[in-house]
Structure formats: C-alpha cells, structure tokens
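S.K.: my questions concern the predicted model and sequence given below.
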Amino acid sequence: MDPIYNGMPAAELGADGWHKPWSGGNGGNCVEAMRLADGRIAVRQSADPDGPALIYTHGEIAAFIQGAKSGKADFLVS
C-alpha cells in the first residue's frame, strides 16, 4: 500500500513544505498545499493541520486551477 494516501493525517506529511497559496483575510482559515516528492499535491485546512490531507495528482490540480481561472468554479463563491 502507498504510504501516502488520500485522507491520511496531514501531520504525517511533516510540518515543512506547506504553503498558503490561497490565503486571505478570513481569520486564518486557509487552504494549504504541499508538493510531494512523487509530484502529487497534498491539500489541507490550515485551521486543522493535523486533520486529513487530500492527495491529488498534478493533472487533477492543473485541471482545477485551469477551470477556476476560466470561471467554471464561480458557482462556489456566488
């Protein structure tokens, strides 16, 4: 079994390497992301750094970002 899996405790990935690319003035509730050694991306909620990490492939993250840039995720904030 892959030692890094979707839903694993984010703390098991360590404290170094997490970034807040989407942080804002929302009281510290930010999404944090970390590039893993194999190219996948881990995402966690900064208010719960020991909570679950969602693990995405590079392609999944790229598709999400491209879709968000083109307005396909606007329904999430409107």
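M.R.: Right, received. Where do you want to start? Numbering: from 1, shown residues only.
S.K.: got the contact list for the nearest residue to Gly17 once chain neighbours are set aside?
M.R.: Leaving aside its chain neighbours, Gly17 sits nearest to Met34 (4.6 Å; criterion: Cβ to Cβ, 6 or more residues apart in numbering). For glycine as for every other residue, the C-beta is placed from the backbone atoms N, C-alpha and C. Going by Cβ atoms under 8 Å, 6 or more residues apart in numbering, Met34 touches 13, 17-19, 41-42, 44.
S.K.: now, those residues that are in strands?
M.R.: 41-42, 44 (DSSP state E).
S.K.: the residue nearest to Gly17 belongs to a strand?
M.R.: Yes - assessed with DSSP: H, G, I helix; E, B strand; the rest coil, Met34 lies in a strand.
S.K.: who does it form a beta bridge with?
M.R.: Note on Met34: beta-bridge partners by DSSP bridges are Ala42.
S.K.: shaky segments in this structure?
M.R.: 1-2, 22-29 (pLDDT under 70).
S.K.: 90 - rerun?
M.R.: 1-2, 20-31, 46-47, 49, 76-78 (pLDDT under 90).
S.K.: didn't Gly7 look like it was pressed against Val43?
M.R.: No - Gly7 is beyond contact range of Val43, at 11.4 Å (criterion: Cβ atoms under 8 Å).
S.K.: Ser46 and Pro21 touch, don't they?
M.R.: No - the pair Ser46 / Pro21 is not scored as a contact, 11.3 Å apart, by Cβ under 8 Å.
S.K.: which one of these two has more residues nearby?
M.R.: Comparing Ser46 with Pro21 by other Cβ atoms under 10 Å, the one with more neighbours is Ser46, at 16 against 9.
S.K.: okay, now the nearest residue to the more buried one once chain neighbours are set aside: neighbour count?
M.R.: Nearest residue to Ser46 in three dimensions, chain neighbours excluded: Cys30, at 4.3 Å (Cβ to Cβ, 6+ apart). Using other Cβ under 10 Å, Cys30 is surrounded by 16 other residues.
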